[in-house]
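> Predicted structure and sequence below. I'll ask about it afterward.
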Amino acid sequence: MTNLKGKACFVIPHWRDENNITKTYLDETMDTIFNQTDSDWHCVIIDDVSPCKEAVDYLEEVKAKAPEKITIIKQTVNAGPGHCRNVGIRFAYENNADFVVFIDADDLSDLKRVEVARKVFAADPEASVVYSTFKVIDENSKEVEWDNLSGSIQEIIEGHQGNPPQGINAWIEIGTEKGYTNLTSATCVRTDVAYKYPFPPEKVSEDSHCWMRYSAGGGKFVYNGEIPTMYRIPQNTAGSASRSREGGRRAFYETKIRVDTDGFVRAIEIALTNGKIKVEERDELMIKFSLKLGETMRREDQMDLALGEVNIAKAINADLTKTWVEKMGFAGWAMKAFE
């Protein structure tokens with residue numbers, strides 16, 4: 001067993017086909033890890049049955065650069081990035097790592113990421129999650145202009161401006177006001193919390209589902225804007241990997257709605273069990289959640305899905321839904337569901 005006491009543990013899901021550009025992405029990702037200002041880290045890379053043998057073999061070359069600091073775990077069944085993260089979290093937990101640093105194999109960590117997260121965790125014993133904002137980069141590692149970002153990506157970054165969700169019960173603000181808030185590759189979590197609330201067996205929004213349960217379980221969220229992650233979204237492709245896995249935009253958003261809703265419902269159940277909310281608060285929370293999710297769908301030009309969320313809210317309580325449509329500033333589009 002490896003003794004990781006006192007260390008941060010980077011967790012990287014890995015999957016690569018014959019596309020060589022992903023090798024370059026991984027090299028850039030690893031460079032940002034090797035050059036951390038706080039060198040007290042370990043890195044576990046979990047290969048999700050990559051179909052390219054060269055890619056799997058290359059992981060051994062990556063390990064050879066720092067064999068005492070890198071562990072490679074090869075899966076036998078392809079189960080998606082969430083499952084791979086669970087494998088990495090279990091490794092970190094069983095080897096006593098202090099906290100987990102999530103990073104995907106094509107994203108770039110700020111060089112002070114471990115240093116800053118460690119200071120936050122040390123200063124605040126209640127802190128369970130430390131997250132930052134991010135900048136979007138393309139396949140050439142150049143920053144993507146704002147107008148070229150999708151509506152939902154703009155929504156996330158806007159949520160970091162002013163008053164990002166923080167503290168105990170951040171899940172309520174995230175679910176009902178901000179929407180998806182902390183990008184996986186911009187999130188660090190105490191290992192015991194990550195182990196207690198694993199990623200669900202999903203390939204879309206599995207992270208959002210997880211964050212809701214982290215927070216509802218009592219995890220305190222802390223935002224730090226000093227360490228922005230570079231989030232890679234290639235501009236010469238039809239969309240993200242998760243969209244491709246789910247069969248295109250429409251199917252992707254349908255899955256996102258299903259998984260996000262399940263995550264919020266589970267968070268409510270956890271909070272009720274812990275006495276963090278009262279039973280009579282549940283309907284209003286679900287209405288506000290559905291309306292906010294509808295707004296996200298509207299920003300992605302999925303108007304029928306957006307109105308579908310309004311109808312879900314109406315089924316809970318039509319009058320209360322109307323009230324919150326007005327309060328949340330969604331009357332311009334959401335009232336179409338009442339026509």
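Done, it's in.

> name the helices or strands packed onto the longest helix along the chain?
Counting residues, the longest helix in the chain under DSSP state H turns out to be helix 249-274. Applying 3 or more C-beta pairs under 8 Å, 6 or more residues apart in numbering; DSSP states H and E, we find helix 249-274 packed against helix 170-173, helix 206-216, helix 241-245, helix 282-299, helix 303-316. No exception for glycine: its C-beta is placed from N, CA and C like everyone else's.

> quick one: that helix to helix 206-216, angle?
On the basis of axes from the mean of the first three to the mean of the last three C-alpha atoms, to 10 degrees, helix 249-274 is oriented at 20 degrees to helix 206-216.

> what comes up buried for helix 249-274?
Of all the residues in helix 249-274, those buried under the rule 16 or more other C-beta atoms under 10 Å are 252-257, 259-261, 263-264, 266-268, 270-271.

> For Asp98, state which of those is nearest.
Among the buried residues of helix 249-274, Ile270 lies closest to Asp98 (C-beta to C-beta), at 24.0 Å.

> tally of neighbours for the spatially closest residue to that closest one that is not a sequence neighbour?
Closest residue to Ile270 apart from its sequence neighbours, by C-beta to C-beta, 6 or more residues apart in numbering: Ala216 at 4.1 Å. Look at Ala216: counted by other C-beta atoms under 10 Å, it has 28 neighbours.

> does Gly225 really touch Thr133, like I thought?
Yes. Using C-beta atoms under 8 Å, Gly225 is in contact with Thr133, at 5.6 Å.

> what about those two, which has more around it?
Neighbour count, other C-beta under 10 Å: between Gly225 and Thr133, Thr133 has more, with 22 against 11.

> For that one, which residues are in contact?
Residues near Thr133 by C-beta atoms under 8 Å, 6 or more residues apart in numbering: 157, 160, 164, 186, 225, 228-229.

> ok so, going back, okay, angle between the longest helix of the chain and helix 282-299 too, please.
Between the axis of helix 249-274 and that of helix 282-299 there is an angle of 160 degrees, by the same axes, to 10 degrees.

> what angle separates helix 249-274 from helix 303-316?
Going by the same axes, to 10 degrees, helix 249-274 makes 30 degrees with helix 303-316.

> Doesn't Tyr231 belong to a strand?
Yes. Tyr231 forms part of a strand when assessed by DSSP: H, G, I helix; E, B strand; the rest coil.

> Quick check: closest non-adjacent residue to it.
Counting by C-beta to C-beta, 6+ apart, the residue nearest Tyr231 is Phe134, at 4.4 Å.

> before we move on, what about Thr184?
Asp207 (4.4 Å).

> do the same with Leu320
Sequence neighbours aside, Ile287 is the residue nearest to Leu320 in space, at 5.7 Å (criterion: C-beta to C-beta, 6+ apart).

> so what pLDDT did that neighbour get?
Per-residue pLDDT puts Ile287 at 98.

> Tell me which residues touch it, please.
313, 316-317, 320-321, 324.

> Roughly how far does Tyr90 sit from Val100?
Quick fix: residue 90 reads Arg, not Tyr. 10 Å (C-beta to C-beta, to the nearest Å).

> more crowded one of those two?
Between Arg90 and Val100, Val100 has the larger neighbour count (other C-beta under 10 Å), namely 26 against 16.

> Helix, strand, or coil at the more buried one?
Look at Val100: counting by three-state DSSP, its state is strand.

> Quick check: bridge partners of it?
Under DSSP bridges, the beta-bridge partners of Val100 are Cys9, Val189.

> neighbours of the residue lying closest to Ser109 once chain neighbours are set aside, just the number please.
Closest residue in space to Ser109, ignoring its immediate chain neighbours: Thr32 at 4.5 Å, by C-beta to C-beta, 6+ apart. When neighbours are counted by other C-beta under 10 Å, Thr32 registers 18.

> just Asn140 next, same as before
11.

> gap between it and Asp319?
Asn140 is 52 Å from Asp319, where distance means C-beta to C-beta.

> Phe99 contacts Asp192, doesn't it?
No. Phe99 lies out of contact with Asp192 (C-beta under 8 Å); the separation is 9.3 Å.

> re earlier: now for Gly225 and Thr133: what residues contact both?
In contact with both Gly225 and Thr133: 160, 164, using C-beta under 8 Å, 6+ apart.

> Show me where the protein dips below the pLDDT cut-off.
Applying pLDDT under 70 to the chain flags the ranges 1, 237-247.

> rerun that using 50 as the cut-off
Counting by pLDDT under 50, the chain contains low-confidence ranges at 238-239, 243-246.

> contacting residues around Ile12?
Counted by C-beta under 8 Å, 6+ apart, Ile12 has contacts 29, 43-46, 88, 103-105.

> Nearest to Lys336 among the residues you listed?
Using C-beta to C-beta, Asp104 comes nearest to Lys336 of the contacts of Ile12, at 37.2 Å.

> which SSE is the closest one in?
Mapping Asp104 onto the secondary structure by DSSP states H and E places it in no helix or strand at all.

> Measure how buried it is and give me the count.
22.

> Quick check: nearest residue in space to it, chain neighbours excluded?
Using C-beta to C-beta, 6+ apart, the nearest residue to Asp104 is Ser185, at 5.0 Å.
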